[in-house]
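In: Below are the sequence and a predicted model; questions follow.
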Amino acid sequence: MRAKVTDRIATLCFYLIAILIIGILAGMIGFILFKGLHVINWDFVTEAPGSVLTGGGGVGPQLFNSFYLLVLTMIITVPLGLGGGIYLAEYAKPGQLTNVLRLSIEVLSSLPSIVVGLFGLMVFVQYTGWGFSLAAGALTLTVFNLPLMVRIVEQALGTVPREQKEASFALGVTHWHTIVKVLLPAALPGILTGTILAAGRVFGEAAALMFTAGMSSPDLDFSNWDITSPVSPLNPFRPASTLAVHIWKINSEGIVPDAKEIASGASALLVIAVLIFNLFARWFGRLIHARLTSTR
Amino acid sequence: MEKLITPFRFQPKTDGRSLLTDETRPIQLETLDLDVYYGEKHAIKQVNLPLYQNTVTALIGPSGCGKSTFLRCLNRMNDMIPGTRVMGKILVEGVNINDSRINVTQLRRQIGMVFQRPNPFAKSIYENIVFAPRLYGISKKEQEKLVEESLRKTGLWDEVKDRLHTSALALSGGQQQRLCIARAIAMKPKIILLDEPASALDPVSTGKIEELVQELKNEFTIAIVTHNMQQAARISDYTAYFYMGELIEHDRTDVLFVNPRKKETEDYLTGRFG
């Protein structure tokens, strides 16, 4: 009888916790959308911010910067993360060196982002002489996305059944081909989930970017595809404020008359962008996985 | 299996040596004084065992007797397990393959292996077969031929020819295992090692695998580990009985089962073991 009551109470607790989590999420998204959704329209999404005096305008460049920075960061992070994860999962022999490596990764992933930002300012902004730039921002974000990525790849590879590896080895397939053609495809869902997680941090990060990618965006000419031009949106060596940084800036030191509105609208836009990105990435991952495994 | 009369036979001391010295068949593979250590554990002790060309050799013995360990030495799969030391010689056509200078991936192309649990890749049926051969470069035409040929030999062709490009994981366990065998023979090996290939399968699938083994010996030399003594008696030409890492007896299957030379073998076969 008592066991049954305990079971009931425990079940109830878990339900309550689940409801609480959903409630917090729904409440937050609802609040952000409620406050910001009415600000969002086509102009807001595409236009550059208005002048300090008149206000108005949009967050077009910032939205673009967020995505572009994401792409740049991932171009650096994913190959390095794959390399590190594959090394740890498949090649690293247990020993002192591996222990030190693991410890370094742990420490790296627990550094506060503001500290990483200051490090980026010193090394990627000042030492390299690039100034505030997308490249500096991307490299700084790589510093704290890399440990996450490495661990995700290592864990994803670790979940691939040993039998798959044995099967490949027994056919006279080399270790390298086994990794590329058997293990990585099998680990893809896990790697993808992790990559989306890492990407989400790029969207949301502000502290590390204020000092590296900068808090302003030059007047961009979206018809200019010459990546060396300072007004080209594709130039990786131009300063670029992302949506998250823009929200922080407008909220804390914005002097435009409609600062509150812009911040609310940008917040809603950021949430929507993250959602769309997540859904798209998952769909794309499933597509690739189905292609590789011939399911469906 | 019932033994009525025990004729007197000279019983030589084996020292793990095969008692078969009068065979005329050519030897495909032979181990000489093979020792295996897992860390401190002495898993295989001084085993000398030949595999004769185009025959089936069954390795039997109680769990933990070292028969699987022995099998995994023959294509150097034990290399994958850290802390394993394999000593002694494994001769294939006069070459000692238990040598660090041997190209293991080349070796495994010649000595195929099928495992206890069916382990097809999470790819299509077609891809499962051509995956490894393709890495060594074969044309699209040859690939298609190879797939059909391998699947026909394993009796799978008629069952799966309409869904070659669907996932192999959708097949039944027995079909998956036959696909694994098809995948192994697609590499055109000389020897196929089967590690309890039917122990995870239902009786019908097991029967198919057994028939298949009988057919395959015309083309390949086969070593099969099995828990099932009836199976060993049904499908093998030679049987090797392992106990505690030692090769107790190796003989023609018809002789070993009816008339084992050793008391230990007889006890195991008649179930008086332990």
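Out: On my side now, so go ahead. Please read all numbers here as calculations on a predicted model, not as lab measurements. Numbering: from 1, shown residues only, chains lettered A, B, ... in the order given.
In: got a pLDDT number for B:I60?
Out: On pLDDT, B:I60 comes in at 92.
In: Contact partners for it?
Out: B:K67, B:V225, B:T226, B:H227, B:M229, B:A232, B:T239, B:A240, B:Y241, B:F242, B:Y268 (C-beta atoms under 8 Å, 6 or more residues apart in numbering or on different chains). Every residue, glycine included, has its C-beta placed from N, CA and C.
In: and which of these is nearest B:T206?
Out: B:T226 (10.2 Å; C-beta to C-beta).
In: In strands, which of the contacts of B:I60 fall?
Out: Residues of the contacts of B:I60 located in strands (DSSP state E): B:V225, B:T239, B:A240, B:Y241, B:F242.
In: measure the second one to B:L269 for me?
Out: Think B:T239. Using C-beta to C-beta, to the nearest Å, B:T239 is found at 10 Å from B:L269.
In: Between these two, which has more neighbouring residues?
Out: Legend: neighbour count by other C-beta atoms under 10 Å in any protein chain shown for B:T239 and B:L269, higher for B:T239 (26 against 22).
In: Am I right that that one is in contact with B:T55?
Out: No - taking contacts as C-beta atoms under 8 Å, B:T239 lies outside contact range of B:T55: 11.0 Å.
In: Reformat the contacts of B:I60 as JSON lines; add distance to B:W157.
Out: What follows is the contacts of B:I60, written out as JSON lines (distance: C-beta to C-beta, whole Å):
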{"residue": "B:K67", "distance to B:W157": "32"}
{"residue": "B:V225", "distance to B:W157": "27"}
{"residue": "B:T226", "distance to B:W157": "26"}
{"residue": "B:H227", "distance to B:W157": "30"}
{"residue": "B:M229", "distance to B:W157": "32"}
{"residue": "B:A232", "distance to B:W157": "28"}
{"residue": "B:T239", "distance to B:W157": "32"}
{"residue": "B:A240", "distance to B:W157": "33"}
{"residue": "B:Y241", "distance to B:W157": "37"}
{"residue": "B:F242", "distance to B:W157": "36"}
{"residue": "B:Y268", "distance to B:W157": "39"}
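In: ok, of these, which come out buried?
Out: Using 16 or more other C-beta atoms under 10 Å in any protein chain shown as the burial test, the contacts of B:I60 include B:K67, B:V225, B:T226, B:M229, B:A232, B:T239, B:A240, B:Y241, B:F242, B:Y268 as buried.
In: Closest one to chain A out of those residues, please.
Out: Nearest to chain A, judged by C-beta to the nearest C-beta, of the buried ones among the contacts of B:I60 is B:V225 at 14.2 Å.
In: For that closest one, list the residues it contacts.
Out: B:A58, B:L59, B:I60, B:K67, B:S68, B:L71, B:L194, B:D195, B:E196.
In: just A:S110 next, same as before
Out: Neighbours of A:S110 in contact, by C-beta under 8 Å, 6+ apart: none.
In: how close does the residue lying closest to B:T226 once chain neighbours are set aside get to B:V56?
Out: Nearest residue to B:T226, sequence neighbours excluded (C-beta to C-beta, 6 or more residues apart in numbering or on different chains): B:A232, at 5.3 Å. According to C-beta to C-beta, B:A232 stands 9 Å off from B:V56.
In: Also B:T239?
Out: Taking C-beta to C-beta, one finds B:T239 at 9 Å from B:V56.
In: in the stretch 101-250 of chain A, which spans are helices?
Out: Using DSSP state H, counting those that start in this stretch, the helices of the stretch 101-250 of chain A run over A:113-120, A:134-158, A:162-170, A:175-178, A:184-204, A:207-210, A:243-253.
In: give me the number of residues near B:L216?
Out: Neighbours of B:L216 using other C-beta under 10 Å come to 20.
In: any idea which helix or strand carries the closest residue to it other than its chain neighbours?
Out: Nearest non-adjacent residue to B:L216, counting by C-beta to C-beta, 6+ apart: B:I222, 6.3 Å away. Assigning secondary structure by DSSP states H and E places B:I222 in strand B:221-225.
In: Contact partners for B:E264?
Out: By C-beta under 8 Å, 6+ apart, the neighbours of B:E264 are B:Y241, B:Y243, B:I248, B:E249.
In: Report pLDDT for residue 74.
Out: You didn't pick a chain, so chain A it is. Looking at A:M74, the pLDDT reads 91.
In: wrong one, I was asking about chain B
Out: 92.
In: Local confidence estimate at residue 38?
Out: Defaulting to chain A. 85.
In: try again with chain B
Out: pLDDT, B:Y38: 89.
In: Equivalent analysis for the one 5 residues further on, please.
Out: Note for B:A43: predicted pLDDT of 89.
In: Near chain B, which residues of the stretch 1-150 of chain A are found?
Out: Contact residues, the stretch 1-150 of chain A versus chain B (C-beta under 8 Å from any C-beta of the partner chain): none.
In: would you list every one of the strands in the stretch 1-150 of chain A?
Out: For the stretch 1-150 of chain A, no strands turn up when DSSP state E, counting those that start in this stretch is the criterion.
In: For it, which residues score under the pLDDT cut-off?
Out: Scanning the stretch 1-150 of chain A for pLDDT under 70 picks out the ranges A:53.
In: how does it look with 90?
Out: Low-confidence segments of the stretch 1-150 of chain A (pLDDT under 90): A:1-3, A:35-65, A:92-95, A:97, A:102, A:105-106, A:108-113, A:125-126, A:128-135, A:143-145.
In: Which residues of the stretch 151-296 of chain A lie near chain B?
Out: A:161, A:163-174, A:177, A:181-182, A:185-186, A:292-295.
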